[in-house]
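S.K.: Following is a predicted model, sequence given first.
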Amino acid sequence: MSAYLIIVYLSIAIVMSYFYGEIAKRTNIPSVLMLIATGIIIGQFANYPFDFFAALEVLGVVGLIMIVLEGALDLELTKEKMPLIGRATGIAVFGIIGSIVTISALFFYLLDMDLRMAVLYSTPLSVISSAIVIPSIGNLKKAEDREFLIYESCISDIIGIMVFYLALNVVETGNVIGSLGEFSLSLVVTLVISVLIAVGLILLFKFLNTKVKLFFFISILILIYALGKMMHLSPLILILIFGLVLKNYKLVFRGKLSNLMTRMEFKKMERDFHIITRETSFILRTFFFIVFGITIDIGTIVEINVILISLMSFILIVLVRVILLRAFANKMSEVLLYIAPRGLITVLLFYSIPPEIQMSQVESGVILWVVLVTSIFMTYGLISNANSEKQEQVEVHPE
């Protein structure tokens, strides 16, 4: 295939993604659905000499880093917001636990899977996708709702990845106590190292005398993430903490540290990182979901057992969310019930299961159906919420 033809295809994909985003703003239909549909169409009608599965993992990992960093740069930590942060964290954690318990029970009893394998396979389906949530909630009127969803989805990503690799370690070693010990140790070590690295990188950014800084630092963050993953740490925490420290520098740079950088330097650095992460995550999200669509085997998504398992998993996901929001966030907007889509992390973790322990009971079609149905459910909630807000405005300001 000609290099120029490849460039044309890639450019068309980016242009289409931009228009999908504009359509999403006006209709509340997630652009992710349109990207996946585009990928499926390409996969069915185009002949391509590439192995897209390797590209899918790379795009997913780097895209996840950019999306979490973008979300962290939007999160302001204040005393007034601590109750909101606490609720978001609690619902994210218990949402994952509740979804794993219910979906793994479904796999255990209905598909006759080993309990450990059932937990492993249910974990990707239990994680809310910040890659879908963050771009989809811009039209929500209440800032409190947007902040809650950003916190919840980012924390869900991080906790979900940690729990997945804990479950994978248990499956591979068969040692539950040892795996929990390693998990706890890696979490503590990661938290300490993350704070030190975040402060060090911010200071390095100030004193590094070069015009090319942003992609240099993005490369450092990706490098640290990859090395941390190879060392069995939880490096996504580093990405989150780096963004939080940069956004909330006054909480960390106090006393003698407060004299090292001015307020304007922090604000400029934050603004620059905001721009680069937003643009980069847009590109990576575009290609990730198109490639995901290309890799889908259409034959698996029309099987009755795949559809039934997917719908039952979706019902359990919604049931867990309803219970948690009613119990811990009953006074918040009704639209939050609908916004718990599965996406990038779900796909990425599913394809991270080593081939030697993969099981045929849960096919890729289940992942696609859950991603699609949860996104459609979110779309319905966003459209209903937008219509109700318009109705309220009409009643308050009748013509």
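M.R.: The structure has been received and is ready for your questions.

S.K.: right, and Val199 touches Val252 too?
M.R.: Yes: using C-beta atoms under 8 Å, Val199 is in contact with Val252, at 6.3 Å. Any C-beta I mention is one placed from the backbone N, CA and C, and that applies to glycine too.

S.K.: what do these two both touch?
M.R.: Common contacts of Val199 and Val252 (C-beta atoms under 8 Å, 6 or more residues apart in numbering): Val245.

S.K.: Flag every buried residue along stretch 9-17.
M.R.: Buried residues in stretch 9-17, counted by 16 or more other C-beta atoms under 10 Å: 13, 16-17.

S.K.: so can I have JSON lines of those showing distance to Thr379 and pLDDT?
M.R.: What follows is those, written out as JSON lines (distance: C-beta to C-beta, whole Å; pLDDT from 0 to 100):
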{"residue": "Ala13", "distance to Thr379": "22", "pLDDT": "88"}
{"residue": "Met16", "distance to Thr379": "19", "pLDDT": "91"}
{"residue": "Ser17", "distance to Thr379": "17", "pLDDT": "89"}
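
S.K.: Make a markdown table out of the residues you listed and add secondary structure.
M.R.: Compiled in a markdown table, those are given as follows (DSSP: H, G, I helix; E, B strand; the rest coil):
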| residue | secondary structure |
| --- | --- |
| Ala13 | helix |
| Met16 | helix |
| Ser17 | helix |
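
S.K.: Pull out the buried residues from the worst-scoring helix or strand of the chain on mean pLDDT.
M.R.: In the chain, the helix or strand scored least confidently by mean pLDDT, DSSP states H and E is helix 298-301, which has a mean of 73. For helix 298-301, the neighbour count (16+ other C-beta under 10 Å) marks Ile301 as buried.

S.K.: continuing past it, what's the next helix or strand?
M.R.: As assigned by DSSP states H and E, the chain's next helix or strand after helix 298-301 is helix 304-328.

S.K.: In terms of secondary structure, what does the following helix or strand past that following helix contact?
M.R.: Later in the chain than helix 304-328, the nearest helix or strand by DSSP H and E is helix 344-350. Helix 344-350 sits against helix 52-72, helix 130-136, helix 143-173, helix 263-295, helix 364-396, with contacts defined as 3 or more C-beta pairs under 8 Å, 6 or more residues apart in numbering; DSSP states H and E.

S.K.: can you rerun that using 10 Å?
M.R.: Counting contacts by 3 or more C-beta pairs under 10 Å, 6 or more residues apart in numbering; DSSP states H and E, helix 344-350 packs against helix 52-72, helix 115-122, helix 130-136, helix 143-173, helix 263-295, helix 364-396.

S.K.: list the contacts for Leu111?
M.R.: Residues near Leu111 by C-beta atoms under 10 Å, 6 or more residues apart in numbering: 117-118, 121, 305, 309, 359-362.

S.K.: what residue ranges in the stretch 1-150 of the chain score low on pLDDT?
M.R.: In the prediction, the stretch 1-150 of the chain carries residues with pLDDT under 70 at positions 1, 47-53.

S.K.: how about the helix or strand harbouring Val192: buried residues?
M.R.: Following DSSP H and E, one finds Val192 within helix 176-207. By 16+ other C-beta under 10 Å, the buried positions in helix 176-207 come out as 179, 182-183, 186, 190, 193-195, 197-199, 201-202, 205.

S.K.: ok, back up a step: adding mean neighbour count and distance to Val245 as columns, could you present the helices and strands packed on helix 344-350 in a markdown table?
M.R.: Formatted as a markdown table, those follow (neighbours: other C-beta atoms under 10 Å; distance: least, C-beta to C-beta, whole Å):
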| stretch | mean neighbour count | distance to Val245 |
| --- | --- | --- |
| helix 52-72 | 21 | 9 |
| helix 115-122 | 23 | 33 |
| helix 130-136 | 26 | 19 |
| helix 143-173 | 21 | 15 |
| helix 263-295 | 19 | 10 |
| helix 364-396 | 18 | 31 |
